[in-house]
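In: let me see the structure of the following:
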Amino acid sequence: MTLTNAHLAELLALAAEDAEGHRLKALRRASRLAFLWPLEAADLLAAGRSLTDLAGIGPWLARVLRAWFEDPPYIPDPPALRRDFLTLAEARRILAQAPDTYGGLRGDLQMHSDWSDGSGTILEMAAAGVEHGYGYVGITDHSKGLKIAGGIDEAELREQEREVERVNRELSERGLGLRVLRSLEMNLSPEGASDMEPAALARLDLVLGSFHSQLRKTDDQTGRYLAALRNPDIQVLGHPRGRVYDFRLGLSADWRRVFGTAAELDKAVEIDAFPDRQDLNVELLDAAREAEVRISIGTDAHHPWQLGHVDLGLAAAVRAGIPRDRILNFMEADELVAWAERVRSRGRERRITAAGSGDGTDLREGMGDSAGQAKEAKGKRRGRKPRKAGQGNGGGGGI
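Out: Numbers count the residues shown, from 1 in each chain. Okay, the predicted model is just below:
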């Protein structure tokens, strides 16, 4: 049997369970990084190259891996915490088999800048989008309710919008053909409620709504998802399960009902392509395909180089057979913004209807189912020094 990077990731995670100290940290880190190795380790060995060319692999771990290749050990099925994650090498093989059907992705719809917990400026993240040949990127910094991630309030969001306008003018003047969308990853309460004023959100091109609290509950959470989808302020449900590789399993729900409700409302659910998340995963994407719900793909990048994670999200969509026309990222920018505005307008109508009835039924139904210049200015506003490049959430995707 030839060991794949996925096999090696699991073997490294298993070895970490019996390790201590520095070796424990090295094994855990290498297990995560195995998902980002661009080549199969087996191919590297076959080409006569050193395993230390792989990220996270030093001389000791290279000897461990070589011993596994020489005498492959038994590999049990991964536990749920580590199941159904694609490696980058595997993702690129999947995409290479469908270049015509799934080529030409037009944008990335989740990333973070130094306005919240990212390291890059808006211009730097936009420049990375240009390098990928995109027509747009969505800068989706965190909203004010997520203080641990430097979430921004309404006033800061308005300032950020002005910076986006400046960046878009600069991109246009340089003929780079990329548009930065005015976007936000809004923190949702466990009840699916917004943490920002509707008037501030109404100015944006796109709003993702994501849960960041009470993510270890084990009972059915269908109700919170239905409430979130009926929240008129959001158009995309971000990283729905809230899972993190080898750390958090994420929430459970009647996913067919969740996806059916999203399709009925014409809202999208996300594939968060960050390697540790890959949320939605392929298994749930099969159910999403059957519901014919729209899909949004975002890298959850916190650094410019992390836009390369997009292959993991797109490959998951390919493997699940999601039709190209159900993926937001294949829309032109104007088409995408017009779709978001239609969804927003219908949400406003439902909000007015609910307010007129006096019972808010439309919003609460289902809850019973679950018991640079700008950088410096921002630092001054918050009473802290502006971040230098590379500071902040080094791993990204961890919130």
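In: how long is stretch 323-331 end to end?
Out: 13 Å (Cα to Cα, to the nearest Å).
In: and that stretch, average pLDDT?
Out: Per-residue pLDDT values over stretch 323-331 give a mean of 97.
In: and what of stretch 104-121?
Out: Per-residue scores along stretch 104-121 average to 96.
In: repeat for stretch 301-312
Out: 97.
In: cool, and stretch 347-364?
Out: On average, stretch 347-364 scores 64.
In: stretch 12-29 now?
Out: Stretch 12-29 carries an average pLDDT of 97.
In: stretch 177-189 too?
Out: The average of the pLDDT scores along stretch 177-189 is 97.
In: then that stretch to CSV, C-alphas only?
Out: Backbone C-alpha positions of stretch 177-189 (Å, rounded to 0.1, in the frame of the first residue of the first chain) are rendered in CSV as follows:
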residue,chain,number,x,y,z
GLY,A,177,-9.8,44.4,-13.1
LEU,A,178,-10.6,43.4,-9.5
ARG,A,179,-13.3,44.7,-7.3
VAL,A,180,-13.2,44.5,-3.5
LEU,A,181,-16.7,43.8,-2.3
ARG,A,182,-18.0,45.6,0.8
SER,A,183,-18.6,42.5,3.0
LEU,A,184,-18.7,41.3,6.6
GLU,A,185,-18.6,38.0,8.5
MET,A,186,-21.2,38.9,11.1
ASN,A,187,-21.2,37.1,14.4
LEU,A,188,-24.5,35.3,15.1
SER,A,189,-25.8,34.7,18.6
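In: start to end distance for stretch 125-140?
Out: Counting by Cα to Cα, you get 11 Å between the two ends of stretch 125-140.
In: same question for stretch 51-71.
Out: End-to-end distance of stretch 51-71 (Cα to Cα): 16 Å.
In: in that stretch, what's buried?
Out: 51, 54, 56-57, 61-62, 64-65, 68 (16 or more other Cβ atoms under 10 Å). Where C-beta positions appear, they are placed from N, C-alpha and C, glycine not excepted.
In: would a markdown table of those residues with pLDDT and secondary structure be doable?
Out: A markdown table is the format used below for the buried residues of stretch 51-71 (pLDDT from 0 to 100; DSSP: H, G, I helix; E, B strand; the rest coil):
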| residue | pLDDT | secondary structure |
| --- | --- | --- |
| 51 | 98 | helix |
| 54 | 98 | coil |
| 56 | 97 | coil |
| 57 | 98 | coil |
| 61 | 98 | helix |
| 62 | 98 | helix |
| 64 | 98 | helix |
| 65 | 98 | helix |
| 68 | 98 | helix |
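In: could you identify the most distant pair in the residues you listed?
Out: Using Cβ to Cβ, these span at most 15.4 Å, a distance reached by 56 and 68.
In: looks to me like residue 138 is in a helix.
Out: No. According to DSSP: H, G, I helix; E, B strand; the rest coil, residue 138 belongs to no helix; its state is strand.
In: so it versus residue 52, what's the distance?
Out: Look at residue 138 and residue 52: by Cβ to Cβ, to the nearest Å, they are 37 Å apart.
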